[in-house]
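>>> Predicted model and sequence below, questions to follow.
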Amino acid sequence: MLSEERKEELKNLAENKFKISLNDCCFIGGMSLEYLGIRKANDLDCCIKIDILDKIILDKSSKYTKEKVTFYHLIDKEEVALNYYNRYLNIDDNKIINNQSYHYNDSGIKIVRAELVYATKSIRKAAHDLRDIKSLNEYIKKNPNKWNWNLIPKKLRKKIMLENGFFTPFQKLFSVQKITGYTIIHILGIKITLKKKVTNNPIDRIN
């Protein structure tokens, strides 16, 4: 849950600075970790319903693109990201805002579900992402009933669960994970690590 001070700050940002309803936006990124009590968000990022986005984009705002995502740096440390999660998970802003499965609701303030943040960070894997993934892994283990793996696209979900030690029922029985130089096989809960055989192939020596 967010502190009353933080909720007031976000409400003021939406209603007084952006001049929009709280129902038309969702706070994303680190705000979901703050909501879960993991860490405080470093900045205020949000997404806004696409059909009203033009109403708040001012001439003085700065527009830039990072990782094929368009951002609008509007006021101080606040930014609006355009379809940020669509870039990684094929889930657009309107779906995150309109579908309650994809966001928390804290006194009318929408905050993106941590599952989407976790999945995105698992793709990017920057240094700060890895720290957050570690913290989220601890949260998941302590709160398995509050976590919905099904929000993450199936193919990516299986990969992430395997990488972080969260196995599906089938994977608990049998799974194969390949890491550089090694193959790790899980059979009925037993972990077998096989080292890749090194061959003296002349082609391998071509520079």
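Thanks, I have it. Since this is a predicted model, take the numbers as computed values, not measurements.
>>> Which strands and helices lie in contact with the longest helix seen in the chain?
Assignment by DSSP state H gives helix 127-142 as the longest helix of the chain. Of the remaining helices and strands, those touching helix 127-142 by 3 or more Cβ pairs under 8 Å, 6 or more residues apart in numbering; DSSP states H and E are helix 31-35, helix 114-124. Any C-beta I mention is one placed from the backbone N, CA and C, and that applies to glycine too.
>>> And those: which comes nearest residue 154?
Closest of the helices and strands packed on helix 127-142 to residue 154 is helix 114-124, at 11.5 Å (criterion: Cβ to Cβ).
>>> Show me what counts as buried in that closest one.
Of the residues in helix 114-124, those buried by neighbour count under the rule 16 or more other Cβ atoms under 10 Å are 114-122.
>>> Name the residues of stretch 38-46 that come out as buried.
41, 44-46.
>>> on that earlier part again, want to throw the helices and strands packed on helix 127-142 into a markdown table with distance to residue 140?
Output for the helices and strands packed on helix 127-142, formatted as a markdown table (distance: least, Cβ to Cβ, whole Å):
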| stretch | distance to residue 140 |
| --- | --- |
| helix 31-35 | 13 |
| helix 114-124 | 8 |
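>>> To residue 108, which of those lies closest?
Closest approach to residue 108 among these is made by helix 31-35 (13.6 Å; Cβ to Cβ).
>>> between the longest helix of the chain and helix 114-124, how big is the angle?
140 degrees (axes from the mean of the first three to the mean of the last three Cα atoms, to 10 degrees).
>>> So residue 19: helix, strand or coil?
Under DSSP: H, G, I helix; E, B strand; the rest coil, the three-state class of residue 19 is coil.
>>> For the longest helix of the chain, give me every contacting residue.
30, 33, 36, 38-39, 114, 117-118, 121-122, 147, 164-166 (Cβ atoms under 8 Å, 6 or more residues apart in numbering).
>>> In JSON lines, list those along with pLDDT and distance to residue 141.
Shown next, in JSON lines, are the contacts of helix 127-142 (pLDDT from 0 to 100; distance: Cβ to Cβ, whole Å):
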{"residue": "30", "pLDDT": "95", "distance to residue 141": "21"}
{"residue": "33", "pLDDT": "97", "distance to residue 141": "16"}
{"residue": "36", "pLDDT": "98", "distance to residue 141": "13"}
{"residue": "38", "pLDDT": "97", "distance to residue 141": "13"}
{"residue": "39", "pLDDT": "97", "distance to residue 141": "17"}
{"residue": "114", "pLDDT": "98", "distance to residue 141": "14"}
{"residue": "117", "pLDDT": "97", "distance to residue 141": "17"}
{"residue": "118", "pLDDT": "97", "distance to residue 141": "13"}
{"residue": "121", "pLDDT": "96", "distance to residue 141": "17"}
{"residue": "122", "pLDDT": "95", "distance to residue 141": "16"}
{"residue": "147", "pLDDT": "97", "distance to residue 141": "9"}
{"residue": "164", "pLDDT": "89", "distance to residue 141": "10"}
{"residue": "165", "pLDDT": "84", "distance to residue 141": "9"}
{"residue": "166", "pLDDT": "85", "distance to residue 141": "9"}
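>>> Thanks again, I'm all set now.
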